[in-house]
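Student: Build me a structure from this.
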Amino acid sequence: QVQLVQSGGGLVQAGDSLRLSCAASGFTLGLSAVGWFRQSPGKARDFIGAVMHFGGSTVYADSVKGRFTISRDNAKNTVYLQVNSLKFEDTAVYYCAADPAGFGGQTADKYGYWGQGTQVTVSS
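Tutor: Next up, the predicted model:
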């Protein structure tokens, strides 16, 4: 069964850090492009960043560049999103998504598999 299972969200204070996990089953995440998105109530799902399969390069939205980092652990079939120096405006549901073809992109329609989402709430 193809599945992405997320973990690691929670309630934190401004300035804190979290590590969000996205574990895959049923396919090899290390061969996939993996993107991270977030969505606040009443807003669209926004691109945060992605790691490509080909070359392993990463790309980030300007709003999180320098604070968020995507990494892989292929042995665990898992991708991580390290979020540092959290701000109140980072409060959202965070989603990981995978494109098994390895290309991905910065829009949600590039990804076929999605995690269930995990809530990150930052108190000011």
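
Student: excluding its backbone neighbours, what's nearest T58?
Tutor: Counting by Cβ to Cβ, 6 or more residues apart in numbering, V51 is the residue found nearest to T58 once chain neighbours are left out, at 4.9 Å. Backbone N, C-alpha and C define where each C-beta goes, glycine included.

Student: just checking, the one you found touches V79?
Tutor: Yes: the pair V51 and V79 passes the contact test of Cβ atoms under 8 Å, sitting 6.6 Å apart.

Student: does Y94 count as helix, strand or coil?
Tutor: strand (DSSP: H, G, I helix; E, B strand; the rest coil).

Student: Is it bridged to anything, and to what?
Tutor: Residues found in beta-bridge contact with Y94 (criterion: DSSP bridges) are R38, T118.

Student: distance of S40 from N84?
Tutor: With the distance defined as Cβ to Cβ, to the nearest Å, S40 ends up 19 Å from N84.
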